[in-house]
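What follows is a predicted protein model with its sequence.
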Amino acid sequence: MSSKMHDNIFKYRSIWISDTHLGTKYCHADALIDFLSNTESEYLYLVGDIIDLWAMKKNVYWPEQHTQILRIIQDKANAGTKVIYTPGNHDSPLRSFSGKKIGNIQVNTHTKHTTLNGQSLLVIHGDQVDPMMHTHVGRWLHLAGDIGYDFILFINRHLGRIRKLLGLKYWSLASFIKNNLKNAMRHISTYEHLLVSLAKEHHVNGVVCGHIHYPNYQSINEIKYFNTGDWVEHCTALIETETGDIELVKWSDMLEKILSRANTIKSIAA
Ligand SMILES: [Mn+2]
């Protein structure tokens, strides 16, 4: 599927996306192009790690679709969508533009959004509170994230054989991963609580962030926590409906709706 299906535009008051990691091969660029082309909003928040300047230092991967994504965003800004970019740790050099505009795109390290029903939300990438960012474990986790699942699957396939060749006893990668998952879940929970504390310091009703690639929403101590997820794995976004409610949306679900609507029209026509 490609680009615009005009009859199926999803209209929202606000959209938040983060962690698209343009400039790496991990970005699901086709899905992101379709999402951006099939949605309209008054506000579009880019909640950090949009362009992965950090990864591009090591290796530049920039297919045509990545330019197209930036162009779609730019066109939206030029057409009147309020586009606000709150850079993350992978695009932190852009933080030096805080308070300024790049074209029609407003850059801020963090910002405040008020929903139609009066809820104030702090919008921030989130690495600012990440305690793991500066530890060995944190760096290792981030590195593992960068290497990705392909590598883990590759190891999984060959590890048993290699260990046998080396005369080592059986060692379960599965339980190793499970233990690491437990640590990861603890890390996520710590992160969520730290952002809620930050929201409290800013005297707001909630916080919208990204960074840990874990789409989620919940209330912690009466503060709303929203994480947009990412476009590396989940292809998710947060949206504010035209009545002021906030929802987590998945591109795959939206695509299914578009396709089933198209099929209904086709069968009516036939
Ligand atoms: Mn990040």
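That came through, no problem. Quick caveat, the model's predicted, so the values are computed rather than measured.

for the most centrally placed residue in the chain, helix, strand, or coil?
If you average the C-alpha coordinates of the chain and look for the closest C-alpha using C-alpha atoms, centre = their mean, you land on Asp230, 2.5 Å from that point. The three-state assignment at Asp230 reads coil, by DSSP: H, G, I helix; E, B strand; the rest coil.

Could you check the pLDDT of the residue lying closest to it once chain neighbours are set aside?
Nearest residue to Asp230, sequence neighbours excluded (C-beta to C-beta, 6 or more residues apart in numbering): Asp19, at 3.6 Å. All C-beta spots, glycine's among them, are computed from the backbone N, C-alpha and C. Per-residue confidence for Asp19 comes out at a pLDDT of 96.

How about the one 10 residues further on?
Here, the pLDDT recorded for Ala29 equals 97.

okay, now it: neighbour count?
Burial of Ala29, expressed as a neighbour count using other C-beta atoms under 10 Å, amounts to 20.

Quick one: residues contacting Asn19.
Just to correct that, residue 19 is Asp rather than Asn. Remark: with contacts taken as C-beta atoms under 8 Å, 6 or more residues apart in numbering, Asp19 is in contact with 47-50, 88, 210-211, 213, 228-232.

where do the strands sit along the stretch 151-270 of the chain?
Applying DSSP state E, counting those that start in this stretch to the stretch 151-270 of the chain gives strands spanning 206-209, 216-220, 223-227, 236-240, 246-250.

mind showing which ranges of the stretch 151-270 of the chain have poor pLDDT?
For the stretch 151-270 of the chain, the stretches with pLDDT under 70 are 151-154, 156-157, 169-175, 178, 270.

run the last query once more with 90
For the stretch 151-270 of the chain, applying pLDDT under 90 flags the ranges 151-189, 213, 233, 258-270.

isn't Ile50 right up against Thr20?
Yes - using C-beta atoms under 8 Å, Ile50 makes contact with Thr20 at a distance of 5.2 Å.

returning to that earlier point: let's have the contacts of Asp19 in CSV, adding distance to Ile155.
Formatted as CSV, the entries for those read as follows, by distance: C-beta to C-beta, whole Å:
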residue, distance to Ile155
Val47, 32
Gly48, 30
Asp49, 26
Ile50, 30
Gly88, 28
Gly210, 28
His211, 26
His213, 21
Thr228, 30
Gly229, 26
Asp230, 23
Trp231, 25
Val232, 20
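
Name the residues of this protein found near the ion, please.
Proximity of the chain to the ion, by C-beta under 5 Å from the ion, involves residues Asp49, Gly88, Asn89, Asp127, His211.
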